[in-house]
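Asker: Turn this into a structure:
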Amino acid sequence: MKKGVSVAQVARVTRAFSDAGILVHAYLMYGFPTQTVAETIDSLEYVRQLFAEGCVQSGYFHRFTCTVHSPVGLNPSEYGVTLVAPPTGRFARNDIGFNDPTGVDHDLLGKALSTALYNYMHGVALDRPVRDWFADVMPGVRLPRTRVPATYIARALAGEID
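Answerer: Reported below is the predicted structural model:
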């Protein structure tokens with residue numbers, strides 16, 4: 001998403017806030033153009049580790065919405081998508097649909113993300129493999145294992161990863 005910050009930096013900053021007694025709420029996003037199932041599973045693994053390491057205390061997964069003035073809305077080809085014609089009308093036509101060539105069912109993935117996050121916020125199932133959350137809503141689908149090392153956030157907090 002070109003936010004200019006690494007996951008390792010997020011881990012260190014959120015941990016510093018938490019260590020200072022400031023509760024951290026993570027505003028999380030999924031369904032970014034061309035985001036794959038594997039990338040979504042990897043994202044949840046980062047989030048799981050952030051909760052397990054005490055970096056964040058709450059969060060919410062929001063579905064990506066393309067807006068006409070956003071980088072995706074202004075340059076859809078750079079993100080591998082095509083835009084859908086905006087609805088007619090004269091008021092607040094900011095959101096714009098897009099066609100994602102991956103065909104990923106982001107709504108279905110969102111159910112798994114929300115369920116996992118609810119549990120993490122209550123300190124539950126932090127040791128459960130993340131792809132199991134997706135298997136619950138996508139039975140019979142072969143899901144990839146996360147590519148995120150199990151100690152990524154711990155290593156970032158120790159200064160081993162930039």
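
Asker: Just the helices from the chain, written as ranges.
Answerer: If DSSP state H is used as the criterion, the helices of the chain fall at 7-19, 37-52, 71-74, 106-121, 130-137, 152-157.

Asker: can I get those helices in TSV with mean neighbour count?
Answerer: All C-beta atoms are positioned from the backbone trio N, CA, C, and that covers glycine. Formatted as TSV, the entries for these read as follows, by neighbours: other C-beta atoms under 10 Å:
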stretch	mean neighbour count
helix 7-19	17
helix 37-52	21
helix 71-74	16
helix 106-121	18
helix 130-137	18
helix 152-157	21
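
Asker: Show me the shaky parts of this structure.
Answerer: Across the chain, the stretches falling below the confidence threshold (pLDDT under 70) are 87, 90, 92.

Asker: a markdown table please, covering the helices of the chain and showing distance to Gly97.
Answerer: As requested, those are arranged in a markdown table below (distance: least, C-beta to C-beta, whole Å):
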| stretch | distance to Gly97 |
| --- | --- |
| helix 7-19 | 29 |
| helix 37-52 | 20 |
| helix 71-74 | 10 |
| helix 106-121 | 13 |
| helix 130-137 | 23 |
| helix 152-157 | 34 |
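
Asker: of all these, which lies closest to Met29?
Answerer: Taking C-beta to C-beta as the criterion, helix 37-52 is the member of the helices of the chain that comes nearest to Met29, at 8.9 Å.

Asker: Determine the angle, from 0 to 180 degrees, between that closest one and helix 106-121.
Answerer: 20 degrees (axes from the mean of the first three to the mean of the last three C-alpha atoms, to 10 degrees).

Asker: Next, the angle from helix 37-52 to helix 7-19.
Answerer: For helix 37-52 against helix 7-19, the angle between stretch directions is 30 degrees (the same axes, to 10 degrees).

Asker: List the contacts of helix 37-52.
Answerer: 7, 10-11, 14, 26, 28, 30, 56-57, 59, 104, 106, 109, 112-113, 116-117, 120-121, 123, 126, 130-131, 133-134, 143-148, 150, 152-154 (C-beta atoms under 8 Å, 6 or more residues apart in numbering).

Asker: Mind exporting the C-alpha coordinates of that helix to CSV?
Answerer: Output for helix 37-52, consisting of C-alpha atoms alone and laid out as CSV, is shown next (Å, rounded to 0.1, in the frame of the first residue of the first chain):
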residue,chain,number,x,y,z
VAL,A,37,-5.5,-15.3,-0.1
ALA,A,38,-1.9,-16.0,0.8
GLU,A,39,-1.2,-12.3,1.5
THR,A,40,-4.3,-12.1,3.6
ILE,A,41,-3.2,-15.1,5.7
ASP,A,42,0.2,-13.5,6.1
SER,A,43,-1.4,-10.3,7.2
LEU,A,44,-3.3,-12.1,9.9
GLU,A,45,-0.1,-13.8,11.1
TYR,A,46,1.5,-10.4,11.6
VAL,A,47,-1.5,-9.3,13.6
ARG,A,48,-1.6,-12.5,15.6
GLN,A,49,2.1,-11.9,16.6
LEU,A,50,1.5,-8.3,17.4
PHE,A,51,-1.3,-9.4,19.9
ALA,A,52,0.8,-12.2,21.3
